[in-house]
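Trainee: Sharing a sequence plus its predicted fold:
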Amino acid sequence: QQPVQSPQAVILREGEDAVINCSSSKALYSVHWYRQKHGEAPVFLMILLKGGEQKGHEKISASFNEKKQQSSLYLTASQLSYSGTYFCGTEALLKPRTQGGSEKLVFGKGTKLTVNP
Amino acid sequence: EAQVTQNPRYLITVTGKKLTVTCSQNMNHEYMSWYRQDPGLGLRQIYYSMNVEVTDKGDVPEGYKVSRKEKRNFPLILESPSPNQTSLYFCASSLGRGRSNQPQHFGDGTRLSIL
């Protein structure tokens, strides 16, 4: 089941901040964030694991609330290069790997971010 | 250079004519996956493979086949393509090994049009 991203689109002026949310109906093992520019492949930003959070890229950070089954991506002091579509990907471990549980990453529909001068 | 290579990048074909999109990675990754991307629907997983000879269905497997005979290759096969399979396809790979905290590396995509 696809995680739900919000908002669907956001327009910023350079230097403004934005938050993109990702929520799931399932208990999550990890959350991935990717950015895709028009006509290009998605590019990895960061992964957040159950029990922690990870800050991995420029002025972009993220949090992972396991209880709420939500993750948020924070873009601060946005730059023109931040424009693109942001996808979260979630993994819900349906059964333990010792019982054949497998990695299945499910992506949300994306949030289109436009940063204007 | 570490990369995931897809071929072809663009293909226009007709309904019913079997086609294969190849995917190859040079990073010794165990996990490989195919996605399709359609406007407003995001990336939807077609099939994935945890390792050689181990494949499993994703969310939209109907009309597709895959095989994983070698670690580096993961071709996507459309036995009898139909217009509703017109889409942008991405292959991705990651270290896998039973851990989810590995980033996915994507190929450049294959734009498929089926008339």
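Mentor: Received the coordinates, thanks.
Trainee: distance between stretch A:65-81 and the chain's centre?
Mentor: Distance of stretch A:65-81 from the chain centroid (Cα atoms, centre = their mean, to the nearest Å) equals 7 Å.
Trainee: what about that stretch, start to end distance?
Mentor: Using Cα to Cα, to the nearest Å, the end-to-end distance of stretch A:65-81 comes to 28 Å.
Trainee: how about it: buried residues?
Mentor: A:66, A:69-73, A:75, A:78 (16 or more other Cβ atoms under 10 Å in any protein chain shown). Placement of C-beta: from N, CA and C, glycine included.
Trainee: which phi and psi does residue B:83 have?
Mentor: Geometry field for residue B:83 lists phi and psi as phi -60, psi -30, criterion degrees, to the nearest 10.
Trainee: and chain A, which of its residues are near chain B?
Mentor: Contact residues, chain A versus chain B (Cβ under 8 Å from any Cβ of the partner chain): A:2, A:29-30, A:32, A:34, A:40-44, A:47, A:49, A:87, A:89, A:91, A:93, A:97, A:102-110.
Trainee: now the residue nearest to the spatial centre of chain B, what's its secondary structure?
Mentor: Centroid check for chain B by Cα atoms, centre = their mean gives residue B:34 as the closest residue, at 2.7 Å. Assigned with DSSP: H, G, I helix; E, B strand; the rest coil, residue B:34 falls in the strand class.
Trainee: Would you point out the most distant pair within the buried residues of stretch A:65-81?
Mentor: A:66 and A:78 (27.6 Å; Cβ to Cβ).
Trainee: quick one: the helices in chain B?
Mentor: Using DSSP state H, no helices are found in chain B.
Trainee: What strands line up against the longest strand along it, and which way round?
Mentor: Secondary structure of chain B per DSSP state E: the longest strand is strand B:42-51. Applying DSSP bridges, strand B:42-51 is found paired with strand B:31-38 (antiparallel), strand B:54-57 (antiparallel).
Trainee: Same list (those) but as JSON lines, adding distance to residue B:105 and mean pLDDT.
Mentor: Below are these laid out as JSON lines (distance: least, Cβ to Cβ, whole Å; pLDDT from 0 to 100):
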{"stretch": "strand B:31-38", "distance to residue B:105": "10", "mean pLDDT": "95"}
{"stretch": "strand B:54-57", "distance to residue B:105": "19", "mean pLDDT": "90"}
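Trainee: Quick check: which of those is buried the most?
Mentor: Highest mean neighbour count of these: strand B:31-38, a mean of 24 (counted as mean count of other Cβ atoms under 10 Å in any protein chain shown).
Trainee: Would you mark the buried spots in the longest strand of chain B?
Mentor: B:42-50.
Trainee: what does that strand contact?
Mentor: A:2, A:42, A:87, A:89, A:102-110, B:30-38, B:55-61, B:64, B:66, B:68, B:71, B:74, B:76, B:89-90, B:96 (Cβ atoms under 8 Å, 6 or more residues apart in numbering or on different chains).
Trainee: Could you work out the most separated pair of the buried residues of strand B:42-51?
Mentor: B:42 and B:50 (22.7 Å).
Trainee: dump the residue contacts of residue A:79.
Mentor: A:14, A:59, A:115.
Trainee: again, only this time at 6 Å
Mentor: By Cβ atoms under 6 Å, 6 or more residues apart in numbering or on different chains, the contact list for residue A:79 is empty.
Trainee: likewise residue A:6?
Mentor: Contact analysis of residue A:6 by Cβ under 6 Å, 6+ apart lists residue A:21.
Trainee: Tell me the pLDDT of residue B:93.
Mentor: For residue B:93, the pLDDT comes out at 94.
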